[in-house]
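Peer 1: Structure here, sequence nowhere to be found:
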């Protein structure tokens, strides 16, 4: 009877079952009101004001499993698959789902109930499809593919079409994993190339050095190419990386942490490195020119690029540019800044001001998110959040609430909020970049040599002399260690 109670509750849900991924993930479509049931307990699931708030892990797994006349809500599937990895590894979860399906649908019986399985088949196939589409990295593990194939082999004798469905599903999955893997390899190659080019200080004559203005002198074009890089790198981040970044030992499991072998967050980390690289690239380009007129010109150029990023909805590049300009080696160049029309810069700084927990930025982000929801073109759909702040928000949500309640139940209320934040991000990262790619500019952004922090300070002091004894001592020390001069 336990399962029936869950099933009855689920069938009362008011949300349509045919939601698109976009409508499910966006704030309007992502409804935390998973159920309209009255308050209390139903089949091990606890409700408050009609919302699912907590349950035992077993009850949540049961609630994920389709039957002949029940299919879990899309929002529930995403929330549970995202958060369950804090308690149980994906291969173990899929194994338990398959085992329960075999049991409940009597798939081990010598003679299968074909009519029954024809009702159940499309639903389990749909669940497996959603899992592979939203969390493809889970299926890099052989055990996952094994469970998936075993499940379909069991139902296939009842309908030949299931074989075809399985092949289509595996083909789509392989294609997606190949694309993601190819992109990751490209990023790794770029990272390796860049680490060789981390320079302390460039001693070549300026005429030999390429600088950004010789590669791209139009701010709008550079902002578009930065948006290309951002969306390309975002596309590789799996939703599960946000959860895996904060994995702690589950108190009810004395043996191990989930994913203890490694934190699978490489794409997320690579994206943070890209932000840091862009900060340093901006600072390098400003500190490099020998003449203050040229330095001022580069600053004004980047101010215009930052403004175009803001208009596009690319807040991550915008923040990286502002951060690069605010680095001490750049901000101390007073004679250079005196030649710059700073009004536009102060407007942008105001937008990204951290006061009130980044109130101005959050307001602008909400505006961009709303524009994205009502967009008629990919150009209007672009929302690239300031990534470090998104990570910080998710970190504080995770740290501020326990994963389990005192009675051992999973704190599902917390995971609904987590899914809402991550789900919105997943929608944004799926936008196809509408701008034409310029390989030259992209290559420069990824491979142009950048100064180390010491190199930036030395270049800054060489451009505008130290103003106090501390700066003079540092300059002397840097000239000695980097240039071998006294």
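Peer 2: Structure's in. What do you need? Because the structure is predicted, anything quoted here is derived from the model rather than measured.

Peer 1: burial of residue 49, as a residue count?
Peer 2: 8 (other C-beta atoms under 10 Å). Using the backbone N, CA and C atoms, a C-beta is placed for each residue, glycine as well.

Peer 1: next one: the one 3 residues further on
Peer 2: A count of nearby residues for residue 52, using other C-beta under 10 Å, gives 26.

Peer 1: can you check residue 366 too?
Peer 2: Using other C-beta under 10 Å, residue 366 has 12 neighbouring residues.

Peer 1: where along the stretch 151-300 of the chain do the strands fall?
Peer 2: 198-199 (DSSP state E, counting those that start in this stretch).

Peer 1: Report whether residue 380 is found in a helix, as I expect.
Peer 2: Yes - Residue 380 forms part of a helix when assessed by DSSP: H, G, I helix; E, B strand; the rest coil.

Peer 1: Start at 40, not 1
Peer 2: All right, first residue 40 from here; so that's residue 419.

Peer 1: gap between the spatially closest residue to it that is not a sequence neighbour and residue 424?
Peer 2: In this structure, residue 419 finds its nearest non-sequential neighbour in residue 410, 5.6 Å apart by C-beta to C-beta, 6 or more residues apart in numbering. Relative to residue 424, residue 410 is positioned 14 Å away (C-beta to C-beta, to the nearest Å).

Peer 1: Those two: which has the busier surroundings?
Peer 2: Taking neighbours as other C-beta under 10 Å, residue 410 and residue 424 compare with residue 424 leading, 24 against 14.

Peer 1: So the more buried one sits against residue 356, correct?
Peer 2: No - here residue 424 does not reach residue 356: they are 11.3 Å apart, not a contact under C-beta atoms under 8 Å.

Peer 1: ok, back up a step: sec struct for the residue nearest to residue 419, please.
Peer 2: Assignment for residue 410 (three-state DSSP): helix.

Peer 1: now the one 5 residues further on
Peer 2: Under the three-state scheme (three-state DSSP), the conformation of residue 415 reads as coil.

Peer 1: distance between the ends of stretch 370-389?
Peer 2: Chord length of stretch 370-389, first to last residue, is 16 Å (C-alpha to C-alpha, to the nearest Å).

Peer 1: can you pull the buried residues of that stretch?
Peer 2: 371, 372, 375, 376, 378, 379, 384, 387, 388 (16 or more other C-beta atoms under 10 Å).

Peer 1: Looking at those residues, spot the one nearest residue 496.
Peer 2: When the buried residues of stretch 370-389 are compared for distance to residue 496 (C-beta to C-beta), residue 371 wins out at 9.0 Å.

Peer 1: what sits against that closest one?
Peer 2: Counting by C-beta atoms under 8 Å, 6 or more residues apart in numbering, residue 371 touches 499, 503, 506, 510.

Peer 1: my read is the third one is in a helix, agree?
Peer 2: Which is residue 506. No - counting by three-state DSSP, residue 506 is located in no helix; its state is coil.

Peer 1: got the contact list for it?
Peer 2: So residue 506 contacts residue 371 (C-beta under 8 Å, 6+ apart).

Peer 1: ok so, going back, farthest pair in the buried residues of stretch 370-389?
Peer 2: 371 and 387 (19.9 Å).

Peer 1: hmm, back to that, out of the contacts of residue 371, who's nearest residue 212?
Peer 2: residue 499 (50.6 Å).

Peer 1: Point me to the helix or strand that includes that closest one.
Peer 2: helix 492-502 (DSSP states H and E).

Peer 1: angle of the following helix or strand past that helix against helix 492-502?
Peer 2: Using DSSP H and E, the helix or strand that follows helix 492-502 towards the C-terminus is helix 508-517. Interaxial angle of helix 508-517 relative to helix 492-502 (axes from the mean of the first three to the mean of the last three C-alpha atoms, to 10 degrees): 110 degrees.

Peer 1: Which elements pack onto helix 508-517?
Peer 2: helix 492-502 (3 or more C-beta pairs under 8 Å, 6 or more residues apart in numbering; DSSP states H and E).

Peer 1: elements contacting the helix it packs on?
Peer 2: Against helix 492-502 (3+ C-beta pairs under 8 Å, 6+ apart) you get helix 305-326, helix 367-370, helix 508-517.

Peer 1: Grab the nearest non-local neighbour of residue 204.
Peer 2: residue 164 (5.3 Å).

Peer 1: Now that neighbour: which helix or strand?
Peer 2: Counting by DSSP H and E, residue 164 is found in helix 153-173.

Peer 1: Give me the contact list for that helix.
Peer 2: Contacts for helix 153-173 (C-beta under 8 Å, 6+ apart): 60, 103, 105-111, 113, 116-117, 120, 133, 136, 140, 144, 146, 177-178, 187, 190-191, 194, 197-198, 201, 204-205, 208, 211-212, 215, 278, 465.

Peer 1: okay, the angle between the helix or strand in which residue 455 is found and helix 153-173?
Peer 2: Element membership for residue 455 (DSSP H and E) is helix 451-468. Counting by the same axes, to 10 degrees, helix 451-468 points 70 degrees away from the direction of helix 153-173.

Peer 1: Poorly predicted segments of this protein, please.
Peer 2: 40-81, 223-248, 287-302, 524-525 (pLDDT under 70).

Peer 1: about what we covered before: which of the buried residues of stretch 370-389 fall in helices?
Peer 2: 375, 376, 384, 387, 388 (DSSP state H).

Peer 1: which residues touch the closest residue to the fourth one other than its chain neighbours?
Peer 2: Same thing as residue 387. Spatial nearest neighbour of residue 387, excluding adjacent residues (C-beta to C-beta, 6+ apart): residue 345 at 5.3 Å. Counting by C-beta under 8 Å, 6+ apart, residue 345 touches 356, 357, 360, 361, 384, 387.

Peer 1: how many neighbours does residue 367 have?
Peer 2: As a measure of burial, residue 367 has 11 neighbours, counting by other C-beta under 10 Å.

Peer 1: and what of residue 394?
Peer 2: Applying other C-beta under 10 Å, I find that residue 394 has 8 neighbouring residues.

Peer 1: Please tell me how far it sits from residue 448.
Peer 2: 39 Å.

Peer 1: before we move on, what about residue 88?
Peer 2: 17 Å.

Peer 1: Next, count neighbours for the residue nearest to residue 204.
Peer 2: Neighbours of residue 164 using other C-beta under 10 Å come to 20.

Peer 1: now residue 418, nearest residue through space, not along the chain?
Peer 2: residue 473 (4.7 Å).

Peer 1: Quick check: which element contains the residue nearest to residue 387?
Peer 2: helix 331-351.

Peer 1: measure the residue nearest to residue 204 to residue 202 for me?
Peer 2: From residue 164 to residue 202 the distance is 11 Å (C-beta to C-beta).

Peer 1: for the stretch 90-239 of the chain, what spans make up the helices?
Peer 2: Remark: helices assigned in the stretch 90-239 of the chain by DSSP state H, counting those that start in this stretch are 96-103, 113-122, 129-143, 153-173, 181-194, 200-235.

Peer 1: Of the ones you listed, which stretch is the most buried?
Peer 2: helix 113-122 (a mean of 22; mean count of other C-beta atoms under 10 Å).

Peer 1: Fine by me, we can end here.
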